[in-house]
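Trainee: The sequence and its predicted three-dimensional model are supplied below.
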Amino acid sequence: MTQSWMLDELAHAGPEHLDPDYVAGYDRKGGAAPDEDIAVLRAHGVDASSTVVDLGAGPGRFATAVAPLVRRVVAVDVSPAMGDFLRARAADAGLTNIECVRAGFLSYRHAGPPADAVHSRHALHQLPDFWKAVALDRVARMLRPGGVLRLRDLVYDFRPADAAAVFDAWLDEAVDDPARGYTREELATHIRTEHSTFRWLLEPMLTAAGFEIVDATFHRSLFGAYTCVRR
């Protein structure tokens, strides 16, 4: 039964995620290929026998790239439009080991043996900090001991007093054409309405959830990539 106090993850994901046209544009602006993340997972033992859960799977770039290398992929997203896009992409690639589940960090119920790895890219910031901590605890409990979490997100690695300078520099690099990338207003909307958090808040959440942070790399004090192992 859903608790009355539980967060509505679909509402926090934003209404634009229900729009197929937005989803197609989101995929075009999806950024780097997932090769580095897959290499990290393989270095931590993910192989042809593994189960990988992709939380916030979006249009499926990671899920369809990792599927040929593992036994099972569970692609989880709250958006039905994202799920439809991912299913079509998997079908076009002839992939039969991807399960698409409409759910989120707080509502996904893992079935079967514990996962060997969880991947999440640019999705956790949809949750306010209390719910991030709840989500990370749930992620740890769906992983086997020694399982790996590969987490990428917009994470702020600067002092609060430096926010204006960091954000102004970031927005100055925005593009004018939304077909080529994110515009100044799109980036500003993220800052105003979404829930990216400071590094010095996120990392204790990971530790409290039962993870050892084995690697954390940052780009531009804005984008964090974490490799964590469940203790």
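Mentor: It's in. Only a predicted model underlies this, so the values are computations on that prediction, with no experimental measurement involved.

Trainee: rest of the way, CA atoms for contacts and neighbours
Mentor: OK.

Trainee: and the strand ranked longest in the chain, which strands flank it?
Mentor: The strand that spans the most residues within the chain, counting by DSSP state E, is strand 143-156. Strand pairing for strand 143-156, using DSSP bridges, gives strand 115-121 (parallel), strand 197-198 (parallel), strand 223-230 (antiparallel).

Trainee: List the contacts of stretch 83-95.
Mentor: For stretch 83-95, the surrounding residues in contact (CA atoms under 8 Å, 6 or more residues apart in numbering) are 20, 23-24, 58-60, 64, 67-68, 77, 96, 98, 100-102.

Trainee: Glu9: which of the residues you listed is nearest?
Mentor: Asp77 (9.8 Å; CA to CA).

Trainee: and that closest one, what are its bridge partners?
Mentor: Legend: beta-bridge partners of Asp77 under DSSP bridges are Arg102.

Trainee: by contact count, what packs against the very next helix or strand once past the longest strand of the chain?
Mentor: Scanning forward in sequence from strand 143-156 by DSSP states H and E, the next helix or strand is helix 163-172. With contacts taken as 3 or more CA pairs under 8 Å, 6 or more residues apart in numbering; DSSP states H and E, helix 163-172 sits against helix 184-193.

Trainee: Now tell me what touches the helix it packs on from outside.
Mentor: Counting by CA under 8 Å, 6+ apart, 171-172, 174-176 sit against helix 184-193.

Trainee: Just the buried ones from those?
Mentor: Neighbour counting by 16 or more other CA atoms under 10 Å classes 171, 174 among the contacts of helix 184-193 as buried.

Trainee: now the contacts of helix 184-193 in TSV, with distance to Ser50 and pLDDT?
Mentor: Shown next, in TSV, are these (distance: CA to CA, whole Å; pLDDT from 0 to 100):
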residue	distance to Ser50	pLDDT
Leu171	40	98
Asp172	42	97
Ala174	39	96
Val175	39	95
Asp176	42	96
